[in-house]
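Colleague: Below is the sequence, then the predicted model.
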Amino acid sequence: MTTGHVAIGEAAQRSGVSARMVRHYEGLGLLPAVARTESGYRQYGEADIHTLRFIKRSRDLGFSMEEIAELVGLWNNRRRASSSVKRIAEKHLGELEQRIADMQSMRNTLAHLVHCCHGDARPDCPILDDLSKV
């Protein structure tokens, strides 16, 4: 084993992502080619684990894989302009705000329908009536 490198299981545990996702991220090119033992086992260094944590945090914030790829590229480019990073984050923030607004609207509509339904033995139901509207 190369000094300072760990197997995929430990890299997964230390980064908080599954081994399957580590291989997936590597396959997508989000991680550079990793070192391998003579028998072909992947070996991950601290920089790889740090990148995996970066990817996990980005996923936790809801960034798409395409956005994460762009962010990883910018993160690794010390000559980047922070405006490029901000542009990606602002676009994602706008998308999140729209999804939140859409979900609040759905919640309000459903709350109104639930309130209007008597929930008794009668067959009439405003929830079903609303769902059946074309």
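Modeller: Received the coordinates, thanks.
Colleague: Quick one: list the elements packing against the helix or strand of the chain with the lowest mean pLDDT.
Modeller: Every helix and strand of the chain was ranked by mean pLDDT, DSSP states H and E. The lowest is strand 35-36, at a mean of 88. Packed against strand 35-36 by the contact rule (3 or more C-beta pairs under 8 Å, 6 or more residues apart in numbering; DSSP states H and E) you find strand 42-43. (C-beta placed from N, C-alpha, C; glycine too.)
Colleague: Note down every partner strand of the strand it packs on and its orientation.
Modeller: strand 35-36 (antiparallel) (DSSP bridges).
Colleague: so how far is the partner strand off the chain centroid?
Modeller: Taking the mean of its C-alpha atoms, strand 35-36 sits 27 Å from the chain's own mean (C-alpha atoms, centre = their mean, to the nearest Å).
Colleague: what comes into contact with stretch 66-73?
Modeller: Residues from elsewhere that reach stretch 66-73 (C-beta atoms under 8 Å, 6 or more residues apart in numbering): 28-30, 51, 54-55, 58-59, 63, 85, 88, 92.
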